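A.B. asks: need a 3D model of the following:
(chains A and B)
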Amino acid sequence: MSAQVLLFGALNGIGIGMIYFILSVGLTMIFGLMQFVNFAHGAFYMVSAYAAFAIAQWTGSVLPAFLISPLLAAAFALVSERVLLQRTYSLPHEAQILITFALAILAQESVTMIFGTSGKNVPVPDLFSGVVVLGGFVYPSYRLFVVAVAAAVAVLMWIAIERTRFGAMVRAAAENAEMVGLLGFDSRKVFMAAFAFGGGLAGLAGALAAPLRGVEPLMGREALAIAFVVVILGGLGSFSGALLAALLIGITQSLMSMIWPGGAHLMIYGVMTLILAFRPTGLMGRS
Amino acid sequence: MMPNEALRFPNGTTIAIAAILVTMPWILPSLTLACEIVVVSTGALSCTLLLGSVGLLSFGQGLYFGLGAYVCATLIRDFGMTALPATITAVVAGGLLAAIAGLLIVRRQGVYFVMLTLAFAQMGFFLALAFPKLTGGENGFGNVPRTTVAFGQLPLSHPIVLYALLALLCFVAFALVQRIIASPFGTVLNSIRQNESRSEALGYDVRRFKLAAVTIAGGLAALAGAMNTLMLSFVPLSAVDVETSERLLIAALIGGVGSPLGALVGASVLSAMSDFLSPIWPRWSTIVAVLLIVTVLFLRDGLLGLGRLLGGAVRSER
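C.D. replies: As a prediction, the model looks like this:
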């Protein structure tokens, strides 16, 4: 395999990894903030991807979806939090898992009712349908766009988490939620904001991924499993851990798909198993 | 629940399970449905054991179900084994895989445990997909001949023989789980469920007990998978997908994990719904999801608990 092909694969992997990062960061944040495990997180991703498909159908371009779909996913997350999930905050983890799991089934069945069981293609926006040539190296411009958007989001998020009041609260709550409550912050509003934010990010991941992989009802399930691998390896509540783990499995998947396409997804879990065998508490090493 | 009753074996539940298994072929509209219920309840039982006794939520029993199904199918088709030895080997294989995966899984607690079970189940699915020579890939593992129970006796091509074998295996599984719950080992599992750190403080090696429970549950799920192969003479790829894991878990939850009988009740309700509703309304899982929400929010002991509650109300009215 030539160096160029390897570079191509690694770049693709960074793109996939960045999408995985945006997908997982909401899950890890919601857990860090309120010890809540959200099995409906993949559903936010799927619903947004389908919204992107619908928008591309109506308007002829998927571009507006990159703004609208995440907002829709955020609204969906917010409504589910208000109507259903907030009732489970006082229940054990198992109950929260099962309720959000049921919510994910409801979302999947609803989407199937509207769009059918078969997968659909989402066209790459015309603006990014070409290729970029960098000194003899040809790369699809949409993938470059994905990496750029994801990197921008990651930077913005880092600023939001490290430099803003809300971020300070999220970090503080991840350390000690009770104390933050005692300091007089309205935990209800923080939770709502976290759900909307996390859902919106999962939605952005879904919209960005839609032109790359198409949409199908089971994509939410798959995304949830991937997000789990990211937080298992990166540690729940850790942003840098999520970024590292997401890039690692993105690059693994991309490189493997050139060597052994049938085993590309398998290797995500293979890498997870291998790391867990030597580092039982994941990459960041805290339990 | 009645702890003293659960600590005896055999008890009233044992008799109820035997009675249900014997009468099902006569009550239900088809023997196929009865076979399906028996297979799903055996698989759901592995979730009931994990959640009801140790408090472990597994989204990954489909991994062992799938392994059991493939091992049984391979042994019958390619090695000419009969049903019983193939099934027993499948159970051992399922237990072994669960012990190996369990070594990695039980090191993490709480939500990490749940996420890991799901991740490993997903890995099993992609394994089956990546090695189509062994599993048949998306086309499934076909041409499994209808063998005999053992030693060339009792052909499974006879529907009643097939049901009798499946029901017997199912009964053995239920009796085993009841026996485990009633044993000192089961008491320790129960104490881990109620308070993990206290059990640890009492000197029990919690991880080893969890690993043992995960191993047994893996064997049970593999048994269900092998039974599924005997029933269908075929292993669809869906036998090893996450949906199978979810179905087994949902059956256990809807029935109620407080008693092994719950697995049978939940599996019956779920299989009957699937049988009657899926031709009318393919999106019937919507109802299952609502039922699951209602169960978790309002019926902690599942339908079995609801039945007891109603039974108690009727009794007190008299």
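
A.B. asks: burial count for the residue of chain B found nearest chain A?
C.D. replies: Proximity of chain B to chain A (Cβ to the nearest Cβ) peaks at residue B:123, 3.4 Å away. Where C-beta positions appear, they are placed from N, C-alpha and C, glycine not excepted. When neighbours are counted by other Cβ atoms under 10 Å in any protein chain shown, residue B:123 registers 23.

A.B. asks: now residue B:208
C.D. replies: 11.

A.B. asks: helix or strand for the residue of chain B closest to chain A, which one?
C.D. replies: For residue B:123, the host element (DSSP states H and E) is helix B:110-130.

A.B. asks: which residues are contacting the helix or strand immediately after that helix in the chain?
C.D. replies: Using DSSP H and E, the helix or strand that follows helix B:110-130 in sequence is helix B:132-135. The contact list for helix B:132-135 (Cβ atoms under 8 Å, 6 or more residues apart in numbering or on different chains) reads A:262, B:70, B:74, B:128, B:129, B:138, B:139, B:141, B:235, B:237, B:240.

A.B. asks: wait, doesn't residue B:120 sit right on residue B:60?
C.D. replies: Yes. When contacts are counted by Cβ atoms under 8 Å, residue B:120 is listed as touching residue B:60 (5.2 Å).

A.B. asks: who has more neighbours out of the two?
C.D. replies: A count of neighbours by other Cβ under 10 Å puts residue B:60 above the other of residue B:120 and residue B:60, at 32 against 27.

A.B. asks: got the contact list for that one?
C.D. replies: Residue B:60 neighbours (Cβ under 8 Å, 6+ apart): B:116, B:117, B:118, B:119, B:120, B:121, B:124, B:245.

A.B. asks: columns pLDDT and distance to residue A:274 on top of these, output as TSV?
C.D. replies: Listed next are these as TSV, based on pLDDT from 0 to 100; distance: Cβ to Cβ, whole Å:
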residue	pLDDT	distance to residue A:274
B:116	89	14
B:117	90	18
B:118	90	18
B:119	89	13
B:120	90	13
B:121	91	18
B:124	92	16
B:245	93	23
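
A.B. asks: tell me which residue is most central in chain B.
C.D. replies: Centroid-nearest residue in chain B: residue B:43, 1.5 Å away (criterion: Cα atoms, centre = their mean).

A.B. asks: what about the helix or strand where it lies, average pLDDT?
C.D. replies: Residue B:43 is part of helix B:31-48, with elements assigned from DSSP H and E. Helix B:31-48 carries an average pLDDT of 94.

A.B. asks: what sits against residue A:221?
C.D. replies: If a contact means Cβ under 8 Å, 6+ apart, then residue A:221 has A:42, A:104, A:108, B:242 as its contacts.

A.B. asks: take these and keep only those in helices.
C.D. replies: Counting by DSSP state H, the contacts of residue A:221 place A:42, A:104, A:108, B:242 in helices.

A.B. asks: show me which of those residues is closest to residue A:11.
C.D. replies: residue A:42 (25.7 Å; Cβ to Cβ).

A.B. asks: just give the closest residue to the closest one, not the sequence neighbours.
C.D. replies: Nearest non-adjacent residue to residue A:42, counting by Cβ to Cβ, 6 or more residues apart in numbering or on different chains: residue A:224, 3.1 Å away.

A.B. asks: between helix B:110-130 and the strand or helix carrying the one you found, find me the angle.
C.D. replies: Per DSSP H and E: residue A:224 is located in helix A:219-234. Interaxial angle, helix A:219-234 versus helix B:110-130 (axes from the mean of the first three to the mean of the last three Cα atoms, to 10 degrees): 120 degrees.
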